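A.B. asks: What follows is a predicted protein model with its sequence.
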Amino acid sequence: MTPEHLRLWRAEQAADAARRLADRREAAGGSGVSWSGLAADRFPHRTPEALAMDAARRLAALELWRESRSGRLLAAMRQAERAIEAVRACVSRGLAGNDARCGLAIGELDHAAASARAAMDATPCGAVSDGNVQ
C-alpha cells in the first residue's frame, strides 16, 4: 500500500467512524419516538475490505485527475507558488540574486512556468477544463 493509498484509507476509516458516531447519536435521540416510525434509518457499516476498495477508487480518481489538464495546471501553479516563496525568503534574508539558493528558486519558477504552458498548450484557446464547453 502506497503512502497516499494509506492516507486515503485512513480518511475512509475516519469518515466511517464519524458516520457511526452520528448514527449512534441519531439512534439515541430517536429512541423515544421509534415506535411511531420516525427514527432514522441505521447507517450501513462498511467492512475493512469495502473501506480499502473505496480508498483505492478515490486514489484512482485522484491519479486520473492529476493527469488531466486542470490537474497538471494546478500542480504547476503549486510548484510556482513554492518557488516564489523561496525567492521571497532569499530576498528577506538579503541574499544576492546570484546566490545558489536564489538561482535554484528562479530555475524552479521557470520550470513551473514551462509546465503550466505545456498544460495550457494541450487546451483549446479559452478553455481550461477537460469537459465539453458549450
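C.D. replies: That came through, no problem. Numbers count the residues shown, from 1 in each chain.

A.B. asks: tell me the domain boundaries of the protein?
C.D. replies: Domain ranges of the chain: 3-29+46-66, 69-121, per automatic domain parsing.

A.B. asks: Would you mind listing where the protein has pLDDT under the threshold?
C.D. replies: 29-41, 96-98, 122-134 (pLDDT under 70).

A.B. asks: make it 50
C.D. replies: 132-134 (pLDDT under 50).

A.B. asks: that older thread, could I get the domains of the chain in CSV, plus columns for mean neighbour count?
C.D. replies: Heads up, the C-betas are built off the backbone N, CA and C, glycines and all. Output for those, formatted as CSV (neighbours: other Cβ atoms under 10 Å):
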stretch, mean neighbour count
domain 3-29+46-66, 14
domain 69-121, 14
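
A.B. asks: And E67, its phi and psi?
C.D. replies: Phi and psi for E67, reported as degrees, to the nearest 10, are phi -80, psi -10.

A.B. asks: number of nearby residues for it?
C.D. replies: Neighbour count for E67, taken as other Cβ atoms under 10 Å: 10.

A.B. asks: Relative to A56, how far out is it?
C.D. replies: 17 Å (Cβ to Cβ, to the nearest Å).
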